[in-house]
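Student: any chance you can model this:
(chains A and B)
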Amino acid sequence: MISGESTHFFSRTALMYVYMGHMRWNDIKPYEDWFWAKNRIQLVEDWVISIDYTNKSITTRSGKTLQYDKLVLALGSKPNKFGWPGQDLKAVQGLYSRQDLEMLEAVSPLVREAVIVGGGLIGIELAEMLLSRGIKVTFLVREKQFWSNVLPIQEAQLISKHILKHHVDLRFENELAEIVDDGTGSAGAIITKSGERIPCQFVGLTAGVSPNIDLVRNSELETKNGILINTFFETSIPNVYSIGDCAQFREPVAGRRALEQVWYTGRIMGETLAQTLCGNRQAYNPGPWFNSAKFFDIEYQTYGNVGASLAAGEAEFYWEHAAGEKCIHLVWDKDSGIFKGINTFGIRMRHELFDAWLRKKALVEEVVKHLRSANFDPEFYAHFEPEIIAAFNRASGKNVQLKPKTWWKNLLNT
Amino acid sequence: MKQLKYIGLTLFLGGLIVFTLLVFSGNFRLTEELMRSNLSEMELTNLGERMSAEIVDKNYTSPVSFGNAVIQIYNETNQQFRNAQQWDRVMYTPPKEFALKLARVASTGWIPAHKALLFFLTFGLGIIGALLFVLTELKLGGPAGIKNNGIYQRAATNRGWVGISTFIFLVSFYVLLYYFPYALVNCTLAVDPVKHLFNPADTASQWFLYGFLYCVVMTVMGVRMIIKYRHNNYQVVRTVVVVFFQLIFAFLLIEILPLFDLPARDLKNAWPLDYTFLFEWNVQQLLDSGHFGKFLFAWGIVLSLVIVPVMVYFYGKRWYCSWVCGCGGLAETLGDPYRQLSSKKLSAWKLERWLIHGVLVFAIIMTFFTGYLTYNVINNPDMESKEYLVGISAYDVRELYGFLIGSVFAGIIGTGFYPIFGNRTWCRFGCPLAAYMGLVQRFKSRFRITTNGGQCISCGNCSTYCEQGIDVRAYAQKGQNIVRSSCVGCGVCAAVCPRGVLKLENGPEQNRFGNEGPIVLGNNGFEIQN
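Tutor: Below you'll find the predicted structure:
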């Protein structure tokens, strides 16, 4: 396993917690250091600079040459830069790698004000990180509301309000025009497309990521935005596979995107490819979609598909708690009544139940009446299912009765 | 608001400094009259002459110098009797207790004359200051939610200089409490006004001081815990309950029962944590205390052998460790800022299993010995050397246990090392009751921590903040449930999880371990064939 980023595997999703002081670097490594040798996995801390597909060998920056029988390219991605003037100044960066974290750590003591460009998951994490060090954050979001290219408008508004509550200066429909040098080669201010100048000593570029394929871009390996693969993760060259953020399916699987840059899909790809490498050739076949995130204090889970806007033939139900920090959003097929997906904010739900309901194409009534059993919040938490069901019945004209809580496994068998 | 916080910190430190200075100050002068009225007849005969000559009417300016002088005479005199084989004259009061008794009465001057003021300057300032400090978090900490920012960047919680100083302070306090209680005599004088609320004729012992301090610390830090986790009802309810049990059962009832001539016992303290339960003095006292005493004896047995395992079967050992127990209560309140310091290494787990089960075996053997002695004391009062079983004295066994486990492990290491090894060192490595309940929890219980399908992102918050050093993530990232003997069910892993992956719950034993294969939920592709 070759990586120049760090000696040992770490959880990328947890980088923010190291910066915020919740954990140390060692704490975000899912395995102790002895794990790799014990499992006969040799680690090489180095950067690969070239691959010779004919002789099946790779060369590293330090001059090592390694032979392979099968090669897996899991190159990850890198933060998008759209050619903004000043995008390569010091204190202008994204947040993806360990090196990004180290850079951020190094400049932080000098930063009093920061601007974040791009309203998505990394942007809000970066905002939370900077705030934890007492840095004032201005957040430029291109859309009407935070992440409203992915979230329905109600959820996007709910999260936007929560971001404001944390004293982030949130600017919607605002884009970066250029980054201004402070005279020392470092960021000193930004200018927005509307011409406003915002002084800052740090600029976070979090407008998405793209596959990190410079290593293979102009080689005989076929690439487009990412490394092109079939459903078996096989690239255009035999015995070379690719998974994760950098891989692009020639034909997307099961209505998903061609590029899936999500932690969970990366793991599923890894599990599946491991089968193939061990002689049991398997195609990528993920189950129903799911994802999660946390926006400051509000947790988000999604199961199935809830689009930013309703597709043709879909019906929806949205419930929001009076305090404005919890909500659920259900989508189903209008004609058949089949449940299509749920967004849940501030209320935890059981993955296994929703997975089963989505697989067996359960009706939305079945989901709603069992919400009490699907709730995954800790004990002693307040429950809102009666309120949700009453609102659901009012809105949909249906008449669903809430079932009392039963052990969730029992519902899987019915 | 920030200023208010610093004012609170200053007041608290002021109280702490006064409390500490009390150990090094005071005036001690034992008059002939005081000596005569406070020594027993035997002590007077043995020690009177030498003490009159060397200590009486002399001025000492610290409790330690006074106590040491008294102990020197006491020990030398005893040694002379031993040398002369005059066994009937040897005195068996522990010297430290003897010195404490005299230090209390010999204390003169400003300190004993201003007990109420001293109470305010120590406990008063400490409580007010600490409460100000923690209450300002309501505003300063921002909206309710997990607030672990900076924990590994602050010297108090990352084994920095504040943590090391706290560690030295705590260990020193325990060493004084257990081995040099006379050094704390001024501190006991400061809580006399509280003791007088219960019994105006009585004075505060070092154990009253400790019990009162324990309650104060747990209450104030309980308020902190509730503020920190105010968004999490499990933590709020649990904290209120565990503080309640400490205040009512471990403190108030202990003070109130004797007023009705009933034996003072902590009703929630179960064997083998309560290792003195079968000691002959305990059993005798209970059996001689009428119906209530007999009830306590029966209750103790039923609690340990029936209630504890049955409750663990239904709810896991959390019902005791995190909801009722005093040691656990202190760990969950005072110890909360240190929970991340417990080692998650596999090597620590290996050590843990040997140590804690070793202590359990030791506790059972010790109880067997002392039970044999107690049986003889009650049933064969005329028997010679009742304490000897297979040539080993029950007194020796239990003295060793009391020293190694009761004071060094549970007190000095268990609490003193909070800022170094984390807040559950005793509960994780040493508590025999935890070991006993752990066996039930692991093999026959409805409790587990459920992992929510495939939602884990391996971030490590759960493992980091597990005070018991369980590598929660190792299970969660495989979609497995967490079924571990050491889990005390504090619920913090579920609280800090940013993706809602963990839930403490009780359910059918079937399928308790959750996902058994290596493939996590969300992958439709294939199943692993066994």
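Student: list the buried residues of the strand or helix carrying A:Ile190.
Tutor: Using DSSP states H and E, A:Ile190 maps to strand A:187-192. Of the residues in strand A:187-192, A:187-192 count as buried by neighbour count, 16 or more other CB atoms under 10 Å in any protein chain shown. Every C-beta, even on glycine, is put in place using the N, C-alpha and C of the backbone.
Student: now tabulate those in CSV and tack on distance to chain B and pLDDT.
Tutor: Below are the buried residues of strand A:187-192 laid out as CSV (distance: CB to the nearest CB, whole Å; pLDDT from 0 to 100):
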residue, distance to chain B, pLDDT
A:Ala187, 24, 97
A:Gly188, 27, 97
A:Ala189, 27, 97
A:Ile190, 26, 97
A:Ile191, 31, 97
A:Thr192, 27, 97
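Student: take those and lay them out in TSV including distance to B:Pro498.
Tutor: Formatted as TSV, the buried residues of strand A:187-192 follow (distance: CB to CB, whole Å):
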residue	distance to B:Pro498
A:Ala187	29
A:Gly188	34
A:Ala189	33
A:Ile190	29
A:Ile191	35
A:Thr192	31
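Student: residue 272: how many residues sit nearby?
Tutor: Just so you know, I chose chain A. Neighbours of A:Thr272 under the rule other CB atoms under 10 Å in any protein chain shown: 26.
Student: please refer instead to chain B.
Tutor: Counted with other CB under 10 Å, the burial measure for B:Pro272 works out to 23 neighbours.
Student: give me the element it is part of.
Tutor: Using DSSP H and E, no helix or strand contains B:Pro272.
Student: these two touch, right, A:Lys403 and A:Val368?
Tutor: No: between A:Lys403 and A:Val368 there is no contact under CB atoms under 8 Å: 9.7 Å.
Student: who has more neighbours, these two?
Tutor: For A:Lys403 versus A:Val368, neighbours defined as other CB under 10 Å are more numerous around A:Val368 (26 against 16).
Student: and the more buried one, that's in a strand?
Tutor: No: checked against DSSP: H, G, I helix; E, B strand; the rest coil, A:Val368 lies outside a strand; its state is helix.
Student: wait, it touches A:Gln401, no?
Tutor: No: using CB under 8 Å, A:Val368 makes no contact with A:Gln401, being 9.6 Å away.
Student: now do the shared contacts for the two.
Tutor: A:Ile389 (CB atoms under 8 Å, 6 or more residues apart in numbering or on different chains).
Student: identify the residues contacting stretch B:167-178?
Tutor: So stretch B:167-178 is contacted by B:20, B:23, B:183-184, B:206, B:210, B:407, B:411-412, B:415-420 (CB under 8 Å, 6+ apart).
Student: run the last query once more with 6 Å
Tutor: Stretch B:167-178 has contacts (CB atoms under 6 Å, 6 or more residues apart in numbering or on different chains) with B:183-184, B:210, B:407, B:411-412, B:416, B:419-420.
Student: one more: stretch B:492-500?
Tutor: Applying CB under 6 Å, 6+ apart, the contact partners of stretch B:492-500 are A:292, A:294, A:299, A:301, A:348, A:378, B:146, B:232, B:455, B:457, B:461-462, B:465-466, B:472, B:502-504.
Student: if we use 7 Å, what do you get?
Tutor: For stretch B:492-500, the external contacting residues (CB atoms under 7 Å, 6 or more residues apart in numbering or on different chains) are A:292, A:294, A:299, A:301, A:348, A:376, A:378, B:146, B:148, B:229, B:232, B:235, B:339, B:449, B:452, B:455, B:457, B:459, B:461-462, B:465-466, B:472, B:502-504.
Student: shaky segments in chain A?
Tutor: A:414 (pLDDT under 70).
Student: what's the burial count for the closest residue to A:Trp47 other than its chain neighbours?
Tutor: Take A:Trp47 and drop its neighbours on the chain: the residue closest to it by CB to CB, 6 or more residues apart in numbering or on different chains is A:Gly4, 3.6 Å away. By other CB under 10 Å, the residues close to A:Gly4 number 17.
Student: how is A:Gly4 assigned, secondary-structure-wise?
Tutor: Assignment for A:Gly4 (three-state DSSP): coil.
Student: contacting residues around it?
Tutor: Contacts of A:Gly4 by CB under 7 Å, 6+ apart are A:45-47.
Student: go again with 10 Å.
Tutor: Going by CB atoms under 10 Å, 6 or more residues apart in numbering or on different chains, A:Gly4 touches A:44-49, A:60-62, A:97-99.
Student: got the domain boundaries for the chain?
Tutor: In the absence of a named chain, this looks at chain A. Domain ranges of chain A: A:81-207, A:290-412, per automatic domain parsing.
Student: ah, no, chain B please
Tutor: Each domain of chain B, as a residue range, per automatic domain parsing: B:27-108, B:446-506.
Student: most tightly surrounded among those?
Tutor: Compared across the domains of chain B, domain B:446-506 shows the largest average neighbour count, a mean of 25 (mean count of other CB atoms under 10 Å in any protein chain shown).
Student: for B:Phe368, see how far away A:Tyr284 is.
Tutor: 62 Å (CB to CB, to the nearest Å).
Student: neighbours around the closest residue to chain B within the stretch 301-414 of chain A, how many?
Tutor: Closest to chain B within the stretch 301-414 of chain A is A:His351: 2.7 Å, counting by CB to the nearest CB. For A:His351, the neighbour count with other CB under 10 Å is 26.
Student: residue contacts, the residue nearest the centre of chain A?
Tutor: Centroid-nearest residue in chain A, with CA atoms, centre = their mean: A:Val262, separated by 4.6 Å. By CB under 10 Å, 6+ apart, the contact list for A:Val262 reads A:121, A:244-245, A:256, A:268, A:289-292.
Student: now do B:Pro258
Tutor: Per CB under 10 Å, 6+ apart, neighbours of B:Pro258: B:198-199, B:202, B:264.
Student: B:Lys101 now?
Tutor: B:38-39, B:43, B:70, B:93, B:181-182, B:185, B:203, B:205.
Student: out of those, who's nearest chain A?
Tutor: Using CB to the nearest CB, the contacts of B:Lys101 come closest to chain A at B:Ser205, 38.5 Å.
Student: the closest residue in space to that closest one that isn't next to it in sequence: neighbouring residues, count only.
Tutor: Of all residues not flanking B:Ser205 in the chain, B:Thr188 sits nearest, at 6.6 Å (CB to CB, 6+ apart). Burial of B:Thr188 is recorded as 26 neighbouring residues (other CB under 10 Å).
Student: what does the one 3 residues further on give?
Tutor: By the measure other CB under 10 Å, the count of residues near B:Val191 is 25.
Student: checking the residue nearest to it when sequence neighbours are not counted next. Helix, strand or coil?
Tutor: Leaving out its chain neighbours, the residue that sits closest to B:Val191 by CB to CB, 6+ apart is B:Ala204, at 4.6 Å. Going by three-state DSSP, the secondary structure assigned to B:Ala204 is coil.
Student: which ones are touching residue 321?
Tutor: Since no chain was named, I'll use chain A. Contacts of A:His321 (CB under 10 Å, 6+ apart): A:158, A:327-328, A:345-347, A:382, A:384, A:387-388.
Student: hmm, no, I was thinking of chain B.
Tutor: Contacts of B:Cys321 (CB under 10 Å, 6+ apart): B:242, B:312, B:327-329, B:331-332, B:424, B:427, B:431, B:433-434, B:437-438, B:441, B:468, B:486-490.
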